[in-house]
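In: sequence and predicted structure are below.
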Amino acid sequence: MLTKDLFEEELHDAMRKKNELAKNTYKILLSSIKMAELEKGSSLDENQILNILQKEIKMRRESILEFQKGGRTDLIASAESEISILNKFLPEQLDADEIKQIASDAIKEINASAPSDMGKVMKILLPNWLARRLRIKSVKLFDPCWPNRDIRIKKNSL
């Protein structure tokens, strides 16, 4: 379970091991969490902390693109290392076949036969996907029930 205490403990471990990169990464993450707590006026739940974690990773990926444009390989390596530190707290990502299977099961469960049933299917799928907090950029789903229809799920829509 993701909590602020977990990241504080990781920060202390990084300080004990004298791992400057991890220490700085956790400090930045904790400051983002504390800022969000101040804005909200109370402590954050696991989903909110996970959203902050994903936002931090996204910022570093965007930074990598800018560093590539500027030819800063030293900063690229640092940002990639920070991403790998933060990635270990994200849930495991499902592959496309697993997602297709889950979607196919949901379609069969409600006997969906047309694209107009997509709302009913999504009512079943979204709680499952949100519970797993999928980290997917884009997945194309195809089901024989809807032969001419692709369902695209983007990271930001979750």
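Out: Arrived safely.
In: which SSE is residue 127 in?
Out: Element membership for residue 127 (DSSP states H and E) is helix 118-132.
In: let's test this: mean pLDDT of that helix, rounded?
Out: Taken as a whole, helix 118-132 has an average pLDDT of 74.
In: what of stretch 11-22?
Out: What stretch 11-22 shows for mean pLDDT is 96.
In: element containing residue 66, please.
Out: Of the helices and strands defined by DSSP H and E, residue 66 is found in helix 46-70.
In: in that helix, what's buried?
Out: Under the neighbour-count criterion of 16 or more other Cβ atoms under 10 Å, helix 46-70 has 49, 50, 52, 53, 54, 56, 57, 60, 63, 64, 67 buried. C-betas here are computed from N, CA, C, even on glycine.
In: ditto for stretch 12-22
Out: Within stretch 12-22, the residues scored as buried using 16+ other Cβ under 10 Å are 14, 22.
In: for stretch 10-27, measure first residue to last.
Out: 10 Å (Cα to Cα, to the nearest Å).
In: who's in contact with that stretch?
Out: Residues from elsewhere that reach stretch 10-27 (Cβ atoms under 8 Å, 6 or more residues apart in numbering): 7, 8, 30, 78, 81, 82, 85, 86.
In: return the helix or strand in the protein with minimum mean pLDDT.
Out: strand 138-143 (a mean of 45; mean pLDDT, DSSP states H and E).
In: picking up where we left off before, narrow the contacts of stretch 10-27 to those that are buried.
Out: For the contacts of stretch 10-27, buried by 16+ other Cβ under 10 Å: 7, 30, 78, 82, 85, 86.
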